[in-house]
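Colleague: Give me the fold of what follows.
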Amino acid sequence: MLVRWHRGIPTLVVAFGLAGGFAGVAWGGNDATKIGSGEGETNTAARALLKLSVEDLMNITVTSVSKKAEKLSTTPAAIAVISQDDIRHAGVTTIPDALRLVPGVQVGRVDSHQWAVGVRGFNDTISQKLLVLMDGRSVYTPLFSGVLWQSQDTMLEDLDRIEVIRGPGGTVWGANAVNGVISMVSKPAKETQGLLVSGGGGSSQQALTAARYGGRLDDHTFYRVYGKYAIWDDFPLVGGGRNNDGWWRAQSGFRLDHEASDANLFTLQGDYYASIADGSAPLIQPVPPSNNSLDTQWEQQGGNLLGRWTHTISAESEFSLQAYYDYTDWNYAQLQHQLHTIDLDSRYRFQLGARQEIVCGGGYRVNAAHTTPSAVASFNEQRRSDQLFNVFVQDEITLVPERLRFTMGSKVEHNDFTGFEYEPSGRLSWTPHDRHTFWASVSRAVRTPSQFESDARVNLSALPANPPFNPLPTLVVVAGSPAFESETLVAYELGYRVQPHENLSFDLTGFLNSYDNLRGTSERTDFSTAPSGYVTVVSDLVNNRSGDIYGGELAVTWQLADWWRLYGSYTLTKTDLKAPPNALTGAPTSFDESSPQHQFSLRSSMALGRDVDLDASFRWVDHIVSSGAQNPGLVQPSSTIPSYATVDVRLAWRPVRNLEFSIVGQNLFEPRHREFNPTFISTKYAEVPRSVFGKLTWSF
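Modeller: Prediction:
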């Protein structure tokens, strides 16, 4: 099993959270429970969802589109909000599973510890065209230009909301916010006072424990500390057997908010995490056995510290300054990587005349990385430091008060890979009636190169001699290039939000994404670097692909009764992507972006009295044609993932105030199903099993 001598790490992490909580009780006494509503979190959250009307849901405040607060109903972008109550009623325990609630987001579970998350196509395990933020801190790694989802976690009970923008956000967020932005926003410490303890376990997620305590130092300073720990069992393999991919993860953290005055708010927060996952790693070498798989462990740890000062000048003017440090350490069988990041960011919002609101700012980031080479992967620069500078400005012009607005702006960045990049956008919002909003936008975004694309060399396969096609044994490698350029996107969007009845709302979006300079390969034969007795076929990473992805998303919210609400969504994603033929064989090159063409979901939330909740969700996902991580030297299952339908059900009961029991059944339609192929070379394909999970939550 995966939990060996490392068992002490998660124990200490959770103990930190519990010790901090009970120390806070002793220090702050019962005063902490009097802050806020005076009602326990569990009982309040159980009723909050259905207390909000459909109109209230439409008018939730979001900040991710323009880096300023605005109503969701009139925002000129395809944005959805996952609230704390949505997370709780869905019964999910991970951030990727919570993202399944958003139309237009494609989530596929690869195995026990890996997810693929994409928006409007190009789905893979590193979410290469998404920018993901945790309280304003980017979790985008420059090694692969993507997000490793198994590294991203927090105490879900402390999240206020997750804002998901489908479409570019480069004008305010910069490079790599290409297909979307996912922004996780945690609650202020003032709203998480008192003690909360939860725990549970089940068939796939064997254990989950978490504890959080919030208190106050004085009338203007509030804090919280937390710790959590989870264990996941192995997933089944395609064809039978176990995948040997179980894992554990532990995390702890804190947040401190100081209200120095009505105009000044200071925030300091930080996290530390560690995880170990069982798995397999490829061993591709020009000596027998040429293609092999090693059972190994994948270790990850890291931490961060973030500080923010927000200064409110007036109702129309605000300034904020944020800085953070982030450290990650990955130790895989074929990759050891350490990364240090320091980031500074400033934002200023002000009025210019009666009809213009300006948001502007700038930032600086430095990434210092050390990557250790192996027999499979190597880098020309094992140590490197990259800098990023940026400035942006966005102007919202009110053409007709409360009816017509036009927003334009651009971000200009300088990075060490490609130099200057620019990302302009224009957005128009028309609200002819309080319940109707039409919007349209045109945006440009870029994905800058990664260290992998600029100077990596990775062995993909070692093939035996097969005359007359390959007279000599062949080593197949992929190689990066310093000449690799940024991938570019020009996106066109149209949207319509309408509330035809006080209990019914629709959100419809159509989009066309036109891509250029997409990553592809150019094959060549290289005898100069071939091992003795071998020929080397090199696939150079180049910008030789382009094309369009287009489609639409529909979301519906319907309040059938005071105690019953339905959510429905449908997503259509069509692709027309072009790739040149293979340079060596002249054969057409397939180009799939690993996303389903159709997705449909229906979710029901019922409050059966004050003490019982019943939630259910149905999800259907179309088939996926994907090359995955096909290895020419190995026999693997079909790359096509069949369509699947599944149901999750949650039943919760509160026998007394502030105590909740819940049981969740996931993937109930069939014993197991595939959702996504491994992105990296693998000999094993896992399936997602049917599972049951029970949980107890106590707060006071």
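Colleague: Tell me the bridge partners for the closest residue to residue 414 other than its chain neighbours.
Modeller: Distances taken as CB to CB, 6 or more residues apart in numbering place residue 389 nearest to residue 414, at 4.7 Å, with adjacent residues excluded. In this view, the C-beta of every residue, glycine as well, is placed from N, C-alpha and C. Counting by DSSP bridges, residue 389 forms beta bridges with residue 364, residue 414.
Colleague: Hmm, residue 345 and residue 389 touching each other?
Modeller: No - Residue 389 lies out of contact with residue 345 (CB atoms under 8 Å); the separation is 11.6 Å.
Colleague: Counting neighbours, go ahead and name the busier of the two.
Modeller: More neighbours surround residue 345 than the other of residue 389 and residue 345, with 21 against 13 (other CB atoms under 10 Å).
Colleague: Identify the bridge partners of that one.
Modeller: Judged by DSSP bridges, the bridge partners of residue 345 are residue 322, residue 363.
Colleague: what's the answer for residue 607, then?
Modeller: Here residue 607 sits in beta bridges with residue 613, going by DSSP bridges.
Colleague: for residue 107, same thing?
Modeller: The partner list for residue 107 in beta bridges (DSSP bridges) reads residue 117.
Colleague: Let me see the contact set for it.
Modeller: Counting by CB atoms under 8 Å, 6 or more residues apart in numbering, residue 107 makes contact with 96, 97, 99, 100, 115, 116, 117.
Colleague: Now do the helices in the chain.
Modeller: Here the chain has its helices, by DSSP state H, at 8-28, 41-51, 54-58, 84-90, 95-98, 170-173, 451-455.
Colleague: May I have the last one as CSV, with CA atoms only?
Modeller: Right, helix 451-455. Output of helix 451-455 as CSV, limited to C-alpha atoms (Å, rounded to 0.1, in the frame of the first residue of the first chain):
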residue,chain,number,x,y,z
GLN,A,451,10.5,25.0,-20.5
PHE,A,452,9.5,21.6,-22.0
GLU,A,453,8.7,23.2,-25.4
SER,A,454,11.9,25.3,-25.5
ASP,A,455,14.6,22.8,-24.5
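Colleague: Now do the contacts for the residue nearest to residue 414.
Modeller: 362, 363, 364, 413, 414.
Colleague: Surely the last one and residue 391 touch.
Modeller: No - no contact is recorded between residue 414 and residue 391 when judged using CB under 8 Å, the distance being 9.6 Å.
Colleague: so where is this structure shaky, pLDDT-wise?
Modeller: 1-52, 282-293, 468-470, 529-532, 582-593, 626-638, 679-683 (pLDDT under 70).
Colleague: Grab the longest strand from it for me.
Modeller: Determined from DSSP state E, the single longest strand within the chain is strand 535-561.
Colleague: Buried residues in it, which are they?
Modeller: Going by neighbour count (16 or more other CB atoms under 10 Å), the buried part of strand 535-561 is 535-547, 549-557, 559.
Colleague: So which elements touch that strand?
Modeller: Counting contacts by 3 or more CB pairs under 8 Å, 6 or more residues apart in numbering; DSSP states H and E, strand 535-561 is packed against helix 54-58, strand 474-479, strand 504-526, strand 564-578.
Colleague: so of these, which one's packed in deepest?
Modeller: Stretch with highest mean neighbour count among those: strand 474-479 (a mean of 21; mean count of other CB atoms under 10 Å).
Colleague: number of nearby residues for residue 657?
Modeller: Neighbours of residue 657 under the rule other CB under 10 Å: 12.
Colleague: picking that back up, how about the contacts of residue 107 in TSV, adding distance to residue 200?
Modeller: Formatted as TSV, the contacts of residue 107 follow (distance: CB to CB, whole Å):
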residue	distance to residue 200
96	19
97	15
99	21
100	20
115	21
116	26
117	24
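Colleague: May I see the residues you listed organised as a markdown table, with distance to residue 146 and neighbour count added?
Modeller: As requested, these are exported to a markdown table (distance: CB to CB, whole Å; neighbours: other CB atoms under 10 Å):
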| residue | distance to residue 146 | neighbour count |
| --- | --- | --- |
| 96 | 14 | 20 |
| 97 | 19 | 17 |
| 99 | 15 | 23 |
| 100 | 19 | 22 |
| 115 | 12 | 24 |
| 116 | 10 | 25 |
| 117 | 10 | 26 |
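Colleague: out of those residues, who's nearest residue 396?
Modeller: Lowest distance from residue 396 to the contacts of residue 107 (CB to CB) belongs to residue 99, with 28.4 Å.
Colleague: and that closest one, what does it touch?
Modeller: 82, 105, 107, 117, 162, 164, 182.
Colleague: Same question for residue 130.
Modeller: With contacts defined as CB under 8 Å, 6+ apart, residue 130 is in contact with 117, 118, 119, 146, 147, 176, 177, 178, 179, 180, 181, 182.
Colleague: now, among the residues you listed, which is nearest to residue 303?
Modeller: For the contacts of residue 130, the nearest to residue 303 is residue 147 (17.4 Å; CB to CB).
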